[in-house]
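Visitor: test case, fold it:
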Amino acid sequence: MTTVADIMKNARRLGIGVPAFNIPYLPMMEPVCKAVADAGSFALIEVARLEWMKFESKSLAAVAEEFARWQNPQHVRLHLDHVPVIDEDHALVDYIAIIREAIALGYESVMVDGSRLPLADNIAATAAVADVAHAAGRPVEAELGAVMGHEAGPMPPYEELFASGKGFTDVDEARRFAQESGCDWLSVAVGNIHGAIAAGARDQKKVRARLNLERLEMLSEATGIPLVLHGGSGIGQEYVLGAFRKGITKVNVGTEIRQAYEQALRQGDAGQADMTGHAQEAVYRRTTELLRDFFGIAGSAAALTRAAA
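Guide: Residues are numbered from 1 along each chain as shown. Predicted coordinates for the structure are as follows:
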């Protein structure tokens, strides 16, 4: 079976995007996996620490168990998203223990997020995870730069942030990071932002973000590895498709499908016997629209498999 590391390398070479769908609610797993397979696409299914801490994905084990019910290796693989060294509430996290647990449960790739640390400390934390993960044959994603949106409190006006380049990934730092950290994929900040996670703000429509594609191309050339776009929901299609041509291989999608699920639960007929099923149908439809119409990657699984053969 082709490894997820090989699929990502081939996706980068071919300029094919690999969406990674976050699962904050376990019932979302089935419709997302089915939509990806039905579209003939390839995607990662992922869960971040905050999704079992602040949403309802319950635990690493619960997500792995649910994924096992619907998995189809030709189309979907399981990835561990954001495991911060310091979380959005400024608490220290036992990130190595979480990484080890995920590997033991069968997650095929993992992420450590040391982006709140100084550069040297981020490199050291990522290298420690890479030692553990690579020994088990798992690729490692890391993050450099400030992809904003998860922090408590209001975010500065988006256009002000974009114009200033505040938090954007530095090209020279990225070159050093790729050389010294041992990471296989790198999440970068080039104008992308995360969706809100505070309970009172989860329903808010995301800012329509754009990307500095010139900076992105420089980062790709400097690192030579697959780059990752977090906060993919809400970015204009022209920027996302342009990013695939400039070095982005993986793009995280959370808010789009989460809000489809939550809104369907709230708006459904109170007399419906299966409200969860109604919400799952909404997730299936939105995931299908994203794969076919937004990303344009229907049939990508076959292309990536042939490339890796």
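Visitor: can you report how many residues lie near the residue nearest to residue 245 when sequence neighbours are not counted?
Guide: Excluding its sequence neighbours, the residue lying closest to residue 245 (Cβ to Cβ, 6 or more residues apart in numbering) is residue 15, at 5.6 Å. No exception for glycine: its C-beta is placed from N, CA and C like everyone else's. Residue 15 is flanked by 13 other residues according to other Cβ atoms under 10 Å.
Visitor: swap in residue 106?
Guide: 11.
Visitor: ok, and the helix or strand in the protein with the lowest average confidence?
Guide: helix 158-164 (a mean of 72; mean pLDDT, DSSP states H and E).
Visitor: quick revisit: so the residue nearest to residue 245 is in contact with residue 247, correct?
Guide: No. Using Cβ atoms under 8 Å, residue 15 is not in contact with residue 247, being 9.2 Å away.
Visitor: so how many other residues sit close to residue 174?
Guide: 23.
Visitor: cool, residue 85 as well?
Guide: Residue 85, neighbours per other Cβ under 10 Å, totals 22.
Visitor: residue 294 too?
Guide: Neighbours of residue 294 (other Cβ under 10 Å): 18.
Visitor: from residue 243, how far off is residue 49?
Guide: 25 Å (Cβ to Cβ, to the nearest Å).
Visitor: give me the low-pLDDT residue ranges for this protein?
Guide: Confidence mapping of the chain against pLDDT under 70 gives the ranges 148-156, 164, 194-207, 269-273, 307-309.
Visitor: can you pull out the helices in it?
Guide: 4-14, 29-38, 49-53, 60-70, 95-105, 119-135, 158-164, 171-180, 213-223, 237-245, 255-267, 275-289, 300-308 (DSSP state H).
Visitor: wait, which of those is closest to residue 77?
Guide: helix 4-14 (4.7 Å; Cβ to Cβ).
Visitor: tell me what the closest one is packed against?
Guide: In terms of contacts (3 or more Cβ pairs under 8 Å, 6 or more residues apart in numbering; DSSP states H and E), helix 4-14 is packed against strand 18-22, strand 76-80, strand 248-253, helix 300-308.
Visitor: mind listing what's buried in stretch 54-64?
Guide: Residues of stretch 54-64 classed as buried: 54, 55, 57, 60, 62, 63, 64 (neighbour count, 16 or more other Cβ atoms under 10 Å).
Visitor: so what sits opposite residue 46 in the bridge?
Guide: residue 22, residue 79 (DSSP bridges).
Visitor: what about it, neighbour count?
Guide: Residue 46 has 28 nearby residues by other Cβ under 10 Å.
Visitor: how close does it get to residue 105?
Guide: 13 Å.
Visitor: and if you look at residue 305?
Guide: Distance from residue 305 to residue 105, by Cβ to Cβ: 25 Å.
Visitor: for the closest residue to residue 44 other than its chain neighbours, what are its contacts?
Guide: Spatial nearest neighbour of residue 44, excluding adjacent residues (Cβ to Cβ, 6+ apart): residue 20 at 3.9 Å. Counting by Cβ atoms under 8 Å, 6 or more residues apart in numbering, residue 20 makes contact with 43, 44, 45, 46, 79, 81, 250, 251, 252, 253.
Visitor: with distance to residue 192 added, can I get these in a markdown table?
Guide: Output for the contacts of residue 20, formatted as a markdown table (distance: Cβ to Cβ, whole Å):
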| residue | distance to residue 192 |
| --- | --- |
| 43 | 18 |
| 44 | 17 |
| 45 | 20 |
| 46 | 16 |
| 79 | 18 |
| 81 | 15 |
| 250 | 12 |
| 251 | 9 |
| 252 | 9 |
| 253 | 12 |
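Visitor: middle-most residue in the protein, spatially?
Guide: The centroid of the chain falls nearest to residue 252 when counting by Cα atoms, centre = their mean (3.1 Å).
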